[in-house]
Each structure stands twice: as structure tokens, then as C-alpha cells.
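S.K.: this one's sequence-less:
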């Protein structure tokens, strides 16, 4: 799937913008909703420095006749203590959003177009909502403030920066 216009997204997914662009040109966001969430912490969650791991799985629902696409990005954030070697995270926050896009016409577009669009625009459009949700949830859990990094696009051949390795942001998507 790697082509000239492909880039690697923040969550490690290769996105083919030549497939995503025809959908992006036709749609508008009509609704963004948090449809499910879950959070947990250990008694040690607020102590010491932690590395973050953020995964995302994406599902889509498309109705060409009615002219809508719904993208369901499901995020899972895990915080692992840097000082203690443990396999289980001290903090887990999960959130699934439903983003409804509408268009007058979706004819001529194929499943690959919608999948590429969901991986690019779906995650990009949900990212600010995830950041706000995590920031508020962490405060409600009485933990120190946490700021989720900005959404970054990385060229296919680019090496990971030291900052990204330190934050341990990895990704996985499936459509």
C-alpha cells in the first residue's frame, strides 16, 4: 500500500492519501460522539514518571445511498511506570467515538477509499476529543495532569525521533 502519497500516521498506520482524498473532498462532519469509555488505575498510578502507549482500532459504516460514513475510532491509552519493571499498566483509559460524515454523493468510491479516509481523517478528527477526554478523566481520577501529544504524520521512510521512543507511542489499526 506504500505509494508516493503514503505517509505513516501517528499510530503506525500507513495511509494512502490518494485513496483518502476523494472521500475527504466530498464529506462534512455532522456529529462527533463519545459512545463508550472505560478507565482504571492502580494505587501507584500517580507516582513517578510513566511512558504512554496509545493504540487505535478503526471501524467504518458506509451507506452510499443515504450519503453517510460513520467512523468508529477506538483508542486505548496505557501508562507504564518507568522506574518499576512491570507488564501491566498503572493507568488504562479507553474511549470509542462515532464520527458521522455526510456527503451529497459517494458514487464511484470503493471500500479502500473509505478505509484510507477512516485511518486519516477519522483519527485526525477524533484526536482533539481524545485529548480532552483523557485530560478530564485523569483529573477526575485525581492523578497529575497529562497532556496527550499532538497528532503527527510521519513520512514512510522517516526514523522515529527520540521523543517518540521515550513516550512509547505505538499504533495498530484495523478496519
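M.R.: Everything's here; your move. Quick caveat: nothing in here was measured; it's all calculated off a predicted structure.

S.K.: determine the longest helix present in this structure.
M.R.: helix 123-140 (DSSP state H).

S.K.: per-residue confidence for the residue most central in space within the chain?
M.R.: For the chain, the residue nearest the mean C-alpha position is residue 123 (4.3 Å; CA atoms, centre = their mean). pLDDT for residue 123: 91.

S.K.: about what we covered before: just the buried residues of the longest helix of the chain, please?
M.R.: Buried residues in helix 123-140, counted by 16 or more other CB atoms under 10 Å: 123, 124, 125, 126, 127, 129, 130, 131, 133, 134, 137, 138. For every residue, glycine as well, the C-beta is placed using N, CA and C.

S.K.: and the helices in this protein?
M.R.: Going by DSSP H, the chain shows helices at 17-24, 111-117, 123-140, 162-167.

S.K.: ranking those helices by mean pLDDT, which is last?
M.R.: Among the helices of the chain, helix 162-167 scores lowest, with a mean of 36.

S.K.: go ahead and confirm the residue nearest to the centre of the chain touches residue 58.
M.R.: Yes: in terms of CB atoms under 8 Å, residue 123 counts as a neighbour of residue 58; the distance is 6.8 Å.

S.K.: quick one: the strands in this structure?
M.R.: Assignment of strands within the chain using DSSP state E yields the ranges 6-8, 14-16, 28-41, 50-63, 68-81, 91-102, 154-155.

S.K.: of the ones you listed, which is nearest residue 110?
M.R.: Residue 110 lies closest to strand 50-63 among the strands of the chain, at 10.1 Å (CB to CB).

S.K.: same question for that closest one, mean pLDDT?
M.R.: The predicted confidence, averaged over strand 50-63, sits at 92.

S.K.: what sits against the closest residue to the residue nearest to the centre of the chain other than its chain neighbours?
M.R.: Spatial nearest neighbour of residue 123, chain neighbours left out: residue 73 (5.4 Å); criterion: CB to CB, 6 or more residues apart in numbering. Contacts for residue 73 (CB atoms under 8 Å, 6 or more residues apart in numbering) come out as 56, 57, 58, 96, 97, 99, 118, 122, 123, 126, 130.

S.K.: thanks a lot, catch you later.
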